[in-house]
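Visitor: Here you go, sequence then predicted model.
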Amino acid sequence: MSAPAFSGRLPTPSSTMRATDFSYSGTELDALAAAPNYYRFIARRFAPFIGTRAVEVGAGIGTFAEHLLRETTVRELSLVEPADNNFPQLRQRLGGRKGVRLVHGYLEAHVRELAGADSIVAVNVLEHTPDDVSFLRAAHQVLRPGGSALVFVPAVQAVYGSLDEQFEHYRRYSKTMLRRAFTAAGFHDVRLRHVNCLGLAAWFMAGRVFKWHTIDASRVQFYDRWVVPWLTRAELVVEPPIGQSILAIATA
């Protein structure tokens, strides 16, 4: 499951329009909007580390931002989205919402105005960046000392297939690879956890065997309704040795 890439100060419900000449060609965002349990799980795992002032990078069409506003203590949320085709939907959905600010651009261009955030969130974003260490360095500059980077990425390069290509992924991660990127960017106390073990097999079949180029919303909805609730409860008790994704929490 994936979202667009790159970057995004705070309060006042306002929007900043900046041209990026970038459009996201992936087709999965609308389908993944049908996965509330999936996003709720991630938001709740991040909630203890969000603080009151947060930045979400690669906010897409605002699906995960809605969960952040409902499930966490955030009071000032900046949503950064570079894609010219996604930003109008994001603005329509969350423009004018109290405490929300929209930024049309890349994180690297807005570091100074975002500085001092309690947390920075990137859900299925890092895999879209050509240089993930540079992206994480920019994220580190946005955070106050002791602030948290909350990151969710696809795992296991061996299952990289047609869906990853279609969704513009540069890579899938191992824990070792992700830890090295965080460390090189200046983070410490990096905590990593595999999640969604069953989704890994499904992704392999879809991308390597059947070579699909998009995600069907009805399949996403079925998996989210009947599998995600009990699977996430089980994985809270015992971390799977491998999974479709890695959930990361790192300290600046």
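Guide: That came through fine.
Visitor: quick one, helices of the stretch 151-252 of the chain?
Guide: 162-166, 175-184, 197-204, 217-226, 228-237 (DSSP state H, counting those that start in this stretch).
Visitor: So which of those helices is nearest residue 64?
Guide: helix 217-226 (13.8 Å; Cβ to Cβ). Using the backbone N, CA and C atoms, a C-beta is placed for each residue, glycine as well.
Visitor: dump the residue contacts of residue 152.
Guide: By Cβ atoms under 8 Å, 6 or more residues apart in numbering, the contact list for residue 152 reads 42, 122, 123, 124, 245, 246, 247, 248.
Visitor: Contact partners for the nearest residue to it once chain neighbours are set aside?
Guide: In this structure, residue 152 finds its nearest non-sequential neighbour in residue 123, 4.4 Å apart by Cβ to Cβ, 6 or more residues apart in numbering. Residue 123 makes contact with 3, 39, 42, 56, 58, 64, 151, 152, according to Cβ under 8 Å, 6+ apart.
Visitor: Is it possible to get CSV of these that adds pLDDT, distance to residue 49 and secondary structure?
Guide: Below are the contacts of residue 123 laid out as CSV (pLDDT from 0 to 100; distance: Cβ to Cβ, whole Å; DSSP: H, G, I helix; E, B strand; the rest coil):
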residue, pLDDT, distance to residue 49, secondary structure
3, 37, 19, coil
39, 95, 17, helix
42, 97, 12, helix
56, 98, 13, strand
58, 95, 18, coil
64, 96, 15, helix
151, 98, 11, strand
152, 98, 13, strand
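Visitor: in the chain, which ranges drop under the pLDDT threshold?
Guide: Filtered on pLDDT under 70, the chain yields the residue ranges 1-31.
Visitor: Look up how far residue 184 lies from residue 199.
Guide: The span separating residue 199 from residue 184 equals 28 Å under the rule Cβ to Cβ, to the nearest Å.
Visitor: who has more neighbours, those two?
Guide: A direct count of neighbours by other Cβ atoms under 10 Å for residue 199 and residue 184 places residue 199 higher, at 21 against 13.
Visitor: between the contacts of residue 152, which is nearest residue 191?
Guide: residue 248 (6.9 Å).
Visitor: how close does that closest one sit to residue 52?
Guide: According to Cβ to Cβ, residue 248 and residue 52 sit 22 Å apart.
Visitor: Could I get the buried residue list for stretch 130-142?
Guide: For stretch 130-142, burial by neighbour count (16 or more other Cβ atoms under 10 Å) applies to 132, 135, 136, 137, 138, 139, 140, 141, 142.
Visitor: give me the number of residues near the closest residue in space to the third one that isn't next to it in sequence?
Guide: Same thing as residue 136. Leaving aside its sequence neighbours, residue 136 sits nearest to residue 185 (Cβ to Cβ, 6+ apart; 3.5 Å). Neighbours of residue 185 under the rule other Cβ under 10 Å: 20.
Visitor: again with the one 5 residues further on
Guide: A count of neighbours around residue 190, defined by other Cβ under 10 Å, yields 18.
Visitor: Distance check, residue 128 against residue 235.
Guide: Using Cβ to Cβ, one gets 25 Å for the distance from residue 128 to residue 235.
Visitor: who's more crowded, the two?
Guide: Counted by other Cβ under 10 Å, residue 128 and residue 235 do not tie: residue 128 has more neighbours, with 24 against 19.
Visitor: Let me have the contacts of residue 123 in TSV, adding distance to residue 167 as columns.
Guide: As requested, the contacts of residue 123 are exported to TSV (distance: Cβ to Cβ, whole Å):
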residue	distance to residue 167
3	9
39	17
42	17
56	18
58	12
64	16
151	17
152	14
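Visitor: Now, of the residues you listed, which are buried?
Guide: Using 16+ other Cβ under 10 Å, the buried ones in the contacts of residue 123 are 3, 39, 42, 56, 58, 64, 151, 152.
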